[in-house]
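Asker: give the three-dimensional model of this entry:
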Amino acid sequence: MLKRIFIFLCILPFVLLPLLSIDAGISADEPVHYVQAENVYRYFATHGEDLTAINTPITFLKYYGQSIDNFSYLVNRFLGLDEPYLTRHLINALAGALTVLFTGLLAMELAGYGAGILAIIFLLLSPVFLGHTYNNLKDIPFALGYLVSVFYLLKWIRLLPEIRYRYLAGIALGAGFAMSVRIGGLVLIPIIVTFTLWQAWVRRPTEKPALRKYALVGIVALGITLLLASAAGILNWPYGLQSPVRHSLESLKQMTHYIVNIRQLFEGEIYWSQSLPWYYAPKYFLLVSPAIILAGIPLCVPLYKKLGLIVFSLIVFCAFFPLFWVVLLHSNLYGNIRHLLFIYPFLVILSACGWVLWYRRIKKPVWKWALTGVLLLGLAGPLIHIIRNHPVEYVYFNRISGGVKHAYSLYETDYYFNSLGPGVQWLEKNVLTKPGADTLVIASNFPVDPFFEKRFPRIQTVYTPWQERGKYNWDYGLFVNAYLGSAGLKGQKINPGDIVHSINVDGLPMCLILHRTDKRDYQGFRLFEDGRFDQAAATLAAVTKEDPGNETAWLYLGWSLRRLNNPAASNQAAEQLLKIHEGSEQARELMIWNDLDTRKFEEALRLSEELERYNPYFEPAKTLVKAARDSLAGLK
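Answerer: Alright, predicted model coming up:
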């Protein structure tokens, strides 16, 4: 009976996940990776003459193998498909289904069919993992390669000293695929070598001739396996092909300390991702993993007696060492647990095995039923969350953390912009089908061209950060709540007449759809740009009275008042802007210029140095520091 259930659950993800992925939006990373896949295609099509794929000073995508992105591009190109992102999502969903399959197989290998069944259920009812199977073509495929290589490594070392080449082929396939997605897959090589040598030493033959043959055959076979895996990892990676060893090591270094620095809301504070607290990743695992899965992990300790030290250590190592390593190196992480999503199936496996072992230890039927009830109750919450919030279910915080409602203004929620998908669908159904809709301009804080360019080619789109939305001329806006900061999420005041719909998770807005009927903020900004400061100030002051949450109106009201020689009123406008957007560099810049105008040079220097520390990438900060220092030097 258990075997039949297990087989059914192994097949289910191959139907379920592709169907669920159809509703998914385009993630924050997809457009640039799709363009990079086209560049990779041109590199090979021109026999290496087109070097665009390795000239990526802004995106740094030359360091990625992104094999599944490249594969999806080839599928789209050669089949002539009109929905390239749908193809990507379906292919990624199949990679997710394979990840679920191998999670179940590995758990079954360790503790039987019951553990395999529970591991599959746990993984499918993990909202964060499930959501990423729809459109994350980096972390889900990497997790698949990591898992497959460890699965076959387990099979390989369990049979030693007998050598089975099919398991070596599985190791090569999994490790090679992981490396082809991210060069970080190189970490599998020391894992494979270490655990193979450990088991090989324990299982070594006692006779010297047999030992020599065993060692020679094993070393040669494993060496060839790792060489094949490494070769497979760079086959479709232009930068790696140009210098396999040097560029692989360089890319591994870049991936360990990624040079992109992204602002993150964490524990109610804004951090640069390179400066997040050391416990960022461990805490997120505790916040977003279903509580029932976390509770089962300590229960797996008795598995050590069943599996033996080496096999048990392998699974625990693969589950926890990468987490320990990124903490030790203080790696640049952001976006919840997604960079470490590859260890999550191992946590699920340990938890499933733990619960099954505990279940087997119970003798009385009544307590077995009680434990079953606990499991069902623990899984009910994630299941309900998935059903209610699809396709944005990846925005999830467990009950221990207080749920999404508690986390909303403390942590990033829709960091991957997934709510844009259902937001665009609502807009298409309710607005874009009406006469004259093709003349509309749609704004967003994410490049939304890929959503419209095929079906609505005449629609104009405008990219704008949320805080600068008033500077642009647009009719409808799709704005996701990413990177707004705590004050922005808690205290944002928007003209109620502008909000026509919102995509919510647990009742909290992830994406606001605005219909802009009043463009006086844009008009006031244009008046300021044209140098008509008195008219700009009058127009923008009227806007702030009716729409007190309008950052653009407050900012350019402040700048207009400064140009009208009213620094006190200008500072008041800047202070109002900071109440709305606590991280506004522009408001701080304005206040510093007002201090310089009024000869408060010491205060200007203090604030400008503080601004430079707050955002070292804000170019005006350097100018302000120099201006304040020069002004103070002039006094002396």
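
Asker: in stretch 309-329, what's buried?
Answerer: Using 16 or more other Cβ atoms under 10 Å as the test for burial, stretch 309-329 gives 310-312, 314-320, 322-323, 326-327. Where C-beta positions appear, they are placed from N, C-alpha and C, glycine not excepted.

Asker: what about these, which are in helices?
Answerer: Using DSSP state H, the subset of the buried residues of stretch 309-329 located in helices is 310-312, 314-320, 322-323, 326-327.

Asker: tally of neighbours for Asp69?
Answerer: The burial metric for Asp69, expressed as a neighbour count using other Cβ atoms under 10 Å, is 29.

Asker: phi, psi of it?
Answerer: According to degrees, to the nearest 10, the main-chain angles of Asp69 amount to phi -60, psi -40.

Asker: list the contacts for it?
Answerer: Asp69 makes contact with 33-34, 36-37, 88, 137, according to Cβ atoms under 8 Å, 6 or more residues apart in numbering.

Asker: again, 10 Å this time
Answerer: Residues in contact with Asp69 (Cβ atoms under 10 Å, 6 or more residues apart in numbering) are 29-30, 32-38, 40, 61, 88, 91-92, 137-138, 141, 181, 236.

Asker: my read is that Cys318 contacts Ala143, right?
Answerer: No. Contact status for Cys318 versus Ala143: not in contact, 11.2 Å apart, counting by Cβ atoms under 10 Å.

Asker: so what sits against both of those two?
Answerer: Going by Cβ under 10 Å, 6+ apart, residues that sit against Cys318 and also against Ala143 are 342-343, 345-346.

Asker: which of these sits closest to Tyr284?
Answerer: Comparing these against Tyr284 with Cβ to Cβ places Ile343 closest, at 12.1 Å.

Asker: can you give me the pLDDT of that closest one?
Answerer: Per-residue confidence at Ile343 stands at 98 (pLDDT).

Asker: tell me the spacing between it and Gly436.
Answerer: 52 Å (Cβ to Cβ, to the nearest Å).

Asker: and those two? Which one has more around it.
Answerer: Set side by side, Ile343 and Gly436 show unequal neighbour counts under other Cβ under 10 Å, the larger going to Ile343 at 20 against 6.

Asker: in contact with the more buried one, which residues?
Answerer: Listed by Cβ under 10 Å, 6+ apart, the contact partners of Ile343 are 143, 146-147, 281, 285, 318-323, 337.

Asker: so which pair among those is furthest apart in space?
Answerer: Among those, the pair separated by the greatest distance (Cβ to Cβ) is Leu147 and Ala281, at 18.9 Å.

Asker: would you mind telling me which of those two has the busier surroundings?
Answerer: Neighbour comparison, Leu147 and Ala281: the larger count goes to Leu147, with 27 against 21 (by other Cβ under 10 Å).

Asker: which helix or strand contains that one?
Answerer: helix 139-159 (DSSP states H and E).

Asker: for the helix or strand that that helix is followed by, buried residues please.
Answerer: From helix 139-159 onward toward the C-terminus, using DSSP H and E, the following helix or strand is helix 165-181. If you call a residue buried by 16+ other Cβ under 10 Å, then helix 165-181 has these buried ones: 167-168, 170-181.

Asker: just flag the most distant two among these.
Answerer: In terms of Cβ to Cβ, these reach their longest pairwise distance at Tyr167 and Val181, which sit 21.7 Å apart.

Asker: would you say Phe417 is within a helix?
Answerer: No. Checked against DSSP: H, G, I helix; E, B strand; the rest coil, Phe417 lies outside a helix; its state is coil.

Asker: so that it lines up with my notes, have the first residue be 610 from now on.
Answerer: Okay, using 610 as the starting number, the last item reads as Phe1026.

Asker: and the pLDDT at it?
Answerer: On pLDDT, Phe1026 comes in at 94.

Asker: check the burial of it by counting its neighbours.
Answerer: Neighbourhood size, Phe1026 [other Cβ under 10 Å]: 27.

Asker: I figured it was touching Ile635, is that so?
Answerer: Yes. Because the distance of 7.6 Å satisfies Cβ under 10 Å, Phe1026 is recorded as touching Ile635.

Asker: contacting residues for Gly1079?
Answerer: With contact set as Cβ under 10 Å, 6+ apart, Gly1079 has these partners: 1073, 1125, 1128-1134, 1149, 1152, 1156, 1159-1165.

Asker: wait, I meant Lys972
Answerer: For Lys972, no contacting residues are found, by Cβ under 10 Å, 6+ apart.

Asker: tell me the SS of it?
Answerer: Look at Lys972: counting by three-state DSSP, its state is coil.

Asker: now it: how far from Leu1164?
Answerer: Look at Lys972 and Leu1164: by Cβ to Cβ, they are 70 Å apart.

Asker: the helices in the stretch 910-1059 of the chain, which residues?
Answerer: 912-916, 918-938, 953-970, 974-998, 1012-1016, 1029-1036, 1058-1061 (DSSP state H, counting those that start in this stretch).

Asker: now render these as CSV, adding distance to Leu795.
Answerer: What follows is the helices of the stretch 910-1059 of the chain, written out as CSV (distance: least, Cβ to Cβ, whole Å):
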stretch, distance to Leu795
helix 912-916, 27
helix 918-938, 13
helix 953-970, 19
helix 974-998, 34
helix 1012-1016, 34
helix 1029-1036, 34
helix 1058-1061, 32
